[in-house]
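Participant: predicted coordinates and the sequence they were generated for:
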Amino acid sequence: MKQAYRHGEILLVKIDKLPKGLKEEKSNVLMAGSHANSHTFDKGKIYLKTDGQTFGYLVAKDTKLFHPEHSPKGAKIKDGVYQLIKQVEFTPDGFKPVVD
């Protein structure tokens, strides 16, 4: 079973290696959350790429995730490479994005 973390509407799934051809972004924002509460991180590298529900990759090394509502002090994750996936949920009206 793969290691994964859910951080609000983001699912971080640990993968073996970073896909080729990505460019590192100079930002600490994983996703601009709803209600102006962004998901951020420290001590890591982010690579953004839209591919279906995947919106990027995070290389974590001594990394904490932050969100004002549910992790203002930070939540430490294990070192590694993570695929960043925007969560969706099934409702009687069909699939819709998870709003955090």
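Facilitator: Everything's here; your move.

Participant: pLDDT below threshold where in this protein?
Facilitator: By pLDDT under 70, the low-scoring segments of the chain are 1, 33-36, 87-92, 94-100.

Participant: how far away is Asp79 from Glu69?
Facilitator: In this structure, Asp79 and Glu69 are separated by 25 Å, where distance is defined by Cβ to Cβ, to the nearest Å. For every residue, glycine as well, the C-beta is placed using N, CA and C.

Participant: no, scratch that, I was asking about Lys26
Facilitator: Where Glu69 is concerned, Lys26 sits at a distance of 26 Å (Cβ to Cβ).

Participant: could you do Ala4 as well?
Facilitator: As for Ala4, its distance to Glu69 is 20 Å (criterion: Cβ to Cβ).

Participant: now the strand or helix carrying Leu12: buried residues?
Facilitator: In this assignment (DSSP states H and E), Leu12 forms part of strand 10-15. By neighbour count, with 16 or more other Cβ atoms under 10 Å as the criterion, the buried positions of strand 10-15 are 10-12, 14.

Participant: so what's the closest residue to Ser27 other than its chain neighbours bridging to?
Facilitator: For Ser27, ignoring the flanking residues on the chain, the nearest one in space by Cβ to Cβ, 6 or more residues apart in numbering is Ile46 at 6.2 Å. According to DSSP bridges, Glu25, Leu58 are recorded as the beta-bridge partners of Ile46.

Participant: distance check, Asn37 against Lys23.
Facilitator: In terms of Cβ to Cβ, Asn37 sits 26 Å off from Lys23.

Participant: looking at the two now, which is surrounded by more residues?
Facilitator: Comparing Asn37 with Lys23 by neighbour count (other Cβ atoms under 10 Å), the higher total belongs to Asn37, at 15 against 7.

Participant: I figured Val59 hits Leu18, correct?
Facilitator: Yes. Assessed by Cβ atoms under 8 Å, Val59 is found in contact with Leu18 at 6.4 Å.

Participant: who touches both of these two?
Facilitator: Residues touching both Val59 and Leu18 (Cβ atoms under 8 Å, 6 or more residues apart in numbering) are 47, 81.
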